[in-house]
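1. Just a sequence and a predicted model for now, questions to come.
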Amino acid sequence: IACGGMDLSQAAYCRILEVLGGHCGSTALFVNAHHSIGPRALVLFGTEDQKKKWLPKLATGEWISAFALTEPEAGSDAANVQTTATPSPDGKGYVLNGEKRWITNGGIAQVLTVMARTPTNKPGESKITAFLVTPDMPGFQVVEKRMEKCGVRGTATSRLAFNNMFVPKENVLGPLGKGLRVALTVLDFGRTTFGASCTGSAKYCVARAVAHANTRVQFGETLGSFELVKEKLAYMQAGAFAMEACTYQTAALIDSGEGDFMLETAMLKVFSTEVLWKIINDTFQIHGGTAYFTDQPFERMMRDARINMIGEGANDVLRAFSALVGMRDVGLELEGILNAISHPLGNLTRLGQFASRKLGSFLVSPPVPVRSPELEPDAAELGKLIGTLGSNVERLLAKHQKEIVERQYQLGRIADAATEIYVSACVLNRLDHLIRHDHGDDDSRGLAGQMETGRFYLRTARRRIKRSFADLWDNDDDQGTSLAKRMLRT
């Protein structure tokens, strides 16, 4: 507020991104790049002088911001930044050399957070540092202002170069050599708002698909009378409900200030972007040929949604990350979590501390006790799945030990199961909240409709989780690897 902002909570900001996401993917991405990741490092890590200098005009929109991390050799591998920042001989700053690409708002921004490598005291060693950069600095070059791309064409995605660009030391953002932590923290916020914008898009698709299914007549019946259409609609409704529950519970975790939330945001990002992709595809299919033409928004939404599974951490990378970080401490906490599972309703907080807020940290984030008796069977089922997850992780670690790092087939399955468990916990907590705040409505938007939607998600999620567990031990991994190796040799 002191710098001109509205001091919104993460949850309140997500509400705004949800509305934008339901209208235009490009607008949502533009705002997300400017608000969520652009100045976020400045808000979290900037000095008071830096905040007073930069934030007021960023808050009013006089200045646009950008976050410049990605390079030709540093995509999802954020630690592989090659841009260098060499201390100037006079000690007054740093000289930057390198290039950045795929930077949203990069060519139109007045302030950019740039990641570059600074030398340490050890010969030949360098670490990433964050810098505040402006385009009027000599050596700043916009190589390509608006790169042509598949979707989100309403955004300016740019390619930049720094040629002996001097940056004063006052523009170092956060501790020297701690830029990777700055970058990863900033991305956590961006991934949460991914969930919000995806939720908005999903809700729009559900509304349009239902309307079309109720009015379009083929073979003498409305589309909604066919079971294959019903199947799609039910998945879409449950997916949008779960996405919303997960988004706002993760945002609440951030607002609570409870330590590290990197795993929760990673799983939210993977879940929301992939569920939205299927929802858009199913909406497209329900509309048939109509959706293929540009007088309808669906082909644009499809193109816009594809980047979601790549940007701010490719989904496969986030899957492997979620599983590996979670499995790291599982042996230390497995006994305690299994004891907690025997009384799941009374131990939701303890379940939320599984693996030192690693693999099971996301189970209840933040912890919200289930106080509604009608949800006890669902909570018990969730507890059983947690126990099965723990035993499968323990078995995998015993079998593969350190080689588990390379077993990405298995890591993917563990991550998928863990993500569905996290989302299920979010849905369960949302249902609990709805029951306790019911006002007696009895339509599809009231308690009955939302309970049916939430329970359908929980039921289908349990089926998917069990399938992931089964695939750990009965699969075609070796045959798939053999075929892929043969292909790669040709």
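-> Arrived safely, thanks for sending.
2. Please count neighbours and contacts with C-alpha atoms only from this point.
-> Noted.
3. Pull the residues that contact the stretch of helix or strand L483 belongs to.
-> L483 is part of helix 477-489 when elements are defined by DSSP states H and E. Here helix 477-489 makes contact (C-alpha atoms under 8 Å, 6 or more residues apart in numbering) with Y409.
4. repeat that for 10 Å
-> R407, Y409, Q410, D471 (C-alpha atoms under 10 Å, 6 or more residues apart in numbering).
5. Of these, which belong to strands?
-> Per DSSP state E, strands hold no members of those.
6. Distance to G289 added to the residues you listed, as TSV?
-> Listed next are the contacts of helix 477-489 as TSV, based on distance: C-alpha to C-alpha, whole Å:
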residue	distance to G289
R407	42
Y409	36
Q410	39
D471	36
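7. Within the helices and strands, which one has the closest residue to M137 other than its chain neighbours?
-> Once flanking residues are discounted, M137 sits nearest to M165: 6.6 Å by C-alpha to C-alpha, 6 or more residues apart in numbering. If you go by DSSP H and E, M165 is part of strand 157-168.
8. and what of G124?
-> Going by DSSP H and E, G124 is not in any helix or strand.
9. and if you look at D295?
-> Counting by DSSP H and E, D295 is part of no helix or strand.
10. Likewise for R467?
-> R467 belongs to helix 447-473 when assigned by DSSP H and E.
11. buried residues in that helix?
-> For helix 447-473, a neighbour-count test (16 or more other C-alpha atoms under 10 Å) marks 447-448, 450-451, 453-458, 461-462, 465, 468-469, 472 as buried.
12. likewise stretch 64-83?
-> Buried-residue list, stretch 64-83, by 16+ other C-alpha under 10 Å: 64-71, 74-76, 78-83.
13. I414 contacts M267, correct?
-> No - using C-alpha atoms under 10 Å as the test, I414 is too far from M267 to be in contact (11.8 Å).
14. what do these two both touch?
-> By C-alpha under 10 Å, 6+ apart, the residues touching both I414 and M267 are R319, S322, E420.
15. Can you tell me which helices and strands the helix or strand harbouring the first one packs against?
-> Looking back up the chat, that one is R319. Using DSSP H and E, R319 maps to helix 315-328. With contacts taken as 3 or more C-alpha pairs under 10 Å, 6 or more residues apart in numbering; DSSP states H and E, helix 315-328 sits against helix 262-287, helix 354-357, helix 376-400, helix 408-436.
16. quick check: angle from that helix to helix 408-436?
-> For helix 315-328 against helix 408-436, the angle by axes from the mean of the first three to the mean of the last three C-alpha atoms, to 10 degrees is 80 degrees.
17. Begin at 865, not 1, for the rest of this chat.
-> OK, 865 is where the count begins now, so the last one is helix 1179-1192.
18. Narrow the contacts of helix 1341-1353 to those that are buried.
-> Buried subset of the contacts of helix 1341-1353 (neighbour count, 16+ other C-alpha under 10 Å): Q1274.
19. ok, the contacts of helix 1341-1353 vs P1237, which is closest?
-> Closest approach to P1237 among these (C-alpha to C-alpha): D1335, at 33.5 Å.
20. how about the residue nearest to that closest one when sequence neighbours are not counted, what does it touch?
-> Nearest non-adjacent residue to D1335, counting by C-alpha to C-alpha, 6+ apart: R1277, 7.6 Å away. Shown in contact with R1277 (C-alpha under 10 Å, 6+ apart): R1183, A1184, A1187, T1283, I1329, R1331, S1332, F1333, A1334, D1335, L1336.
21. any chance of those in TSV, plus pLDDT and distance to T1057?
-> Putting the contacts of R1277 into TSV (pLDDT from 0 to 100; distance: C-alpha to C-alpha, whole Å) gives the following:
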residue	pLDDT	distance to T1057
R1183	94	19
A1184	92	21
A1187	91	22
T1283	95	17
I1329	97	25
R1331	98	29
S1332	98	27
F1333	97	30
A1334	98	33
D1335	98	32
L1336	98	32
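22. From these, pick the one nearest E989.
-> Among those, and counting by C-alpha to C-alpha, the member closest to E989 is A1184, at 27.3 Å.
23. What distance do you get for the closest one to K1033?
-> The spacing between A1184 and K1033, counted by C-alpha to C-alpha, to the nearest Å, is 37 Å.
24. Next: E1122.
-> Using C-alpha to C-alpha, one obtains 32 Å as the distance from E1122 to K1033.
25. Which residue of the two possesses the greater neighbour count?
-> K1033 (15 against 11; other C-alpha atoms under 10 Å).
26. residues in contact with the nearest residue to the more buried one once chain neighbours are set aside?
-> Leaving aside its sequence neighbours, K1033 sits nearest to G957 (C-alpha to C-alpha, 6+ apart; 4.1 Å). The contact partners of G957, by C-alpha under 10 Å, 6+ apart, come to A949, T950, P951, F1030, V1031, P1032, K1033, E1034, N1035, V1036.
27. Filter those residues down to the buried ones and hand me the ChimeraX line.
-> A single ChimeraX command selects the buried members of the contacts of G957 (16+ other C-alpha under 10 Å):
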select :949,950,951,1030,1031,1032,1035,1036
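28. okay if I get the contacts of G957 as CSV plus distance to I901?
-> Below are the contacts of G957 laid out as CSV (distance: C-alpha to C-alpha, whole Å):
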residue, distance to I901
A949, 22
T950, 25
P951, 26
F1030, 24
V1031, 21
P1032, 22
K1033, 22
E1034, 21
N1035, 17
V1036, 17
